[in-house]
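Novice: need coordinates for the following:
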Amino acid sequence: ERSLDKLLRPGDEASLVIWSRRLKIEQPFTTDVEALRAAMKRVEGTASGLTFASDVERVRYRCQQFLDNARTDHNYTGWYGQCLGTVRAHTEEAVMVEKHLVGSTKVMLNMLAGLDGKKVMIYAGSALPQHPGYELFVYADNLFFPYLPRMHPSSIGGGGSETMTFSIEDMAKTANANGVTMYMVDGADDRSEMSNAADGEMPDAQSAFIQYDNTASAFQAVARITGGMALTHTSNFDVAMETVAHDLESYYSLGYRQQESPKKTRNVAVKVKDHPEYRVRSRRTYLARTQDEELNDRVVSNIYHQAKSDLDIAIRAGEPKKQKHNRWLVPLAVSIPSNITLLPDGNDLAGGFSVFVAVGDDDGSMSNVTRIVKEVRVPAAKEAELRRRPLILTFDLSMNGGTHMLSVGVVDQLSNTSGYARAQVAVR
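Specialist: From the prediction side, this is the model:
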């Protein structure tokens, strides 16, 4: 909160998004710093970062209970198995939750794709482990090892914990494809936990360190791939925010045009010659996008942030018609300027336009982007009549009930000029 004035300069925009088992856009993009401060206050009063840590502590507590039971009836093998069962159940849930988190982050990165300017995401969180639950397998082994010296450690080979390394790397590559630099801030208080473990207050300092390093390694990898920075070994958050602010106003912009077909991720390396004292941070991968993909990105971004337009288009929604349970047809009319580019084709003038349509909600959920292609052909003698009024495209859009943001983009197929409009639609 105290860094907002450094981070945002006149003309800059920021959005506040939170994730607590679901995505929520707490504050859409705005230049209003006070609106962002108010949103932070709302989050401070309601959000909790203790869920992951408390889940881990619950598993440790249960395993400690199982050990106490084993000390009573001396069935260490059986109670060790009970402990591992609890660990596996937690790990499976943790993997599922993290997949949802990574997927939601990619949704936000795709929203940023269609925006202009230098784009950054400050990701502040307490847990993004590369191997969810691995530290608990180590904890269980170390807890029971003094009583089962011949046991086969469950933690060998990762303890059966599913790796999230490739999913996290794919998230970073999504950021690069969308031109977003990620700054990863570890907001957990794992360092004090590690200190307590070292002092003997917890049975196992090794598992505490693994838990800390599990997320720290992921944060550092994401920052390295996207050219950002990771704050993982200190709670000096001012340093992180000052780095972001400095990067936003002082950087080199380099580019190249990819000759071969897009859709192929290319590795990028930026080096400084003859100056080993300098270090370079830059994105490590690059993915060229087709024109249709870029238009899709802009239509998605337009759901949450009004895109810049060269064409003055407008949309109008009619009365929804219920089709079946919670499914409606909404009639739409898109008004398109009639000054689209037309070229001679025999005795006619011909051209066309493409319409891109998407629907989204403030929790990050959205429809696929629908594309409609229309040809415009008119006798040359009728051009003046065509230009007198806008072109109107009508169609029905199927939606679920609720309040949604409708986004429409139109591109002139010959001039490549585009226009965007959006409207809130209440379907009930």
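Novice: check which element follows the one helix or strand residue 218 maps to along the chain.
Specialist: Element membership for residue 218 (DSSP states H and E) is helix 205-226. Beyond helix 205-226 on the C-terminal side, the first helix or strand identified by DSSP H and E is strand 230-231.
Novice: next one: whichever helix or strand comes after that following strand to chain centre, how far?
Specialist: Per DSSP H and E, the first helix or strand lying C-terminal to strand 230-231 is helix 237-249. Its chain's average C-alpha position is 21 Å from that of helix 237-249, according to C-alpha atoms, centre = their mean, to the nearest Å.
Novice: how about helix 237-249: buried residues?
Specialist: 240-241, 244-245, 247-248 (16 or more other C-beta atoms under 10 Å). (C-beta placed from N, C-alpha, C; glycine too.)
Novice: could you do stretch 95-105 as well?
Specialist: For stretch 95-105, burial by neighbour count (16+ other C-beta under 10 Å) applies to 95, 97-98, 101-102, 104-105.
Novice: just checking: what are the partner strands of the helix or strand containing residue 182?
Specialist: Element membership of residue 182, judged by DSSP H and E, is strand 180-186. Sheet pairing of strand 180-186 (DSSP bridges) gives strand 119-125 (parallel), strand 230-231 (parallel).
Novice: before we move on, back to that, same for the helix holding residue 218, what does it pack against?
Specialist: helix 134-144, helix 165-177, strand 180-186, helix 190-198, strand 230-231 (3 or more C-beta pairs under 8 Å, 6 or more residues apart in numbering; DSSP states H and E).
Novice: mind listing what's buried in that helix?
Specialist: For helix 205-226, by 16+ other C-beta under 10 Å, it's 205, 207-226.
Novice: same question, stretch 55-69
Specialist: Buried, per 16+ other C-beta under 10 Å, within stretch 55-69: 55-56, 59-60, 62-63, 66-67.
Novice: mind checking the longest helix of this structure?
Specialist: Ranked by number of residues, the top helix in the chain under DSSP state H is helix 76-112.
Novice: between that helix and strand 180-186, how many degrees?
Specialist: Relative orientation of helix 76-112 versus strand 180-186 (axes from the mean of the first three to the mean of the last three C-alpha atoms, to 10 degrees): 140 degrees.
Novice: chain center to helix 76-112, what's the gap?
Specialist: 18 Å.
Novice: and the average pLDDT for that helix is what?
Specialist: Per-residue pLDDT over helix 76-112 has a mean of 90.
Novice: so which bits of that helix are buried?
Specialist: Buried residues in helix 76-112 (16+ other C-beta under 10 Å): 76, 79-80, 82-84, 86-88, 90-91, 94-95, 97-98, 101-102, 104-112.
Novice: just stretch 314-333 next, same as before
Specialist: 315, 317, 320, 328-330, 332.
Novice: nearest residue to residue 393 in space, please, no chain neighbours.
Specialist: residue 334 (4.6 Å; C-beta to C-beta, 6 or more residues apart in numbering).
Novice: my bad, should have said residue 285
Specialist: Closest to residue 285 by C-beta to C-beta, 6+ apart is residue 176, at 4.7 Å.
Novice: can you pull the contacts of the one you found?
Specialist: Neighbouring residues of residue 176 by C-beta atoms under 8 Å, 6 or more residues apart in numbering: 225-226, 283-287.
Novice: thought residue 226 was touching residue 286?
Specialist: No. Using C-beta atoms under 8 Å, residue 226 is not in contact with residue 286; the gap is 11.4 Å.
Novice: need the residue closest to the centroid of this protein.
Specialist: residue 105 (2.0 Å; C-alpha atoms, centre = their mean).
Novice: ok, the buried residues of stretch 55-69 vs residue 427, which is closest?
Specialist: Residue 427 has its nearest neighbour among the buried residues of stretch 55-69 in residue 55, at 37.0 Å by C-beta to C-beta.
Novice: any weak-confidence spans in the stretch 1-150 of the chain?
Specialist: 45-50 (pLDDT under 70).
Novice: which of the buried residues of stretch 55-69 lies closest to residue 390?
Specialist: Comparing the buried residues of stretch 55-69 against residue 390 with C-beta to C-beta picks out residue 55 as the nearest, at 56.3 Å.
Novice: where does that closest one fall, phi/psi-wise?
Specialist: Backbone torsions of residue 55, given as degrees, to the nearest 10, read phi -60, psi -40.
Novice: give the rounded mean pLDDT of stretch 205-223.
Specialist: 85.
Novice: how far out from the middle of the chain is that stretch?
Specialist: Centroid separation for stretch 205-223 versus its chain: 20 Å, with C-alpha atoms, centre = their mean.
Novice: quick one: contacts for residue 405?
Specialist: Residue 405 makes contact with 303-304, 359-362, 422-425, according to C-beta under 8 Å, 6+ apart.
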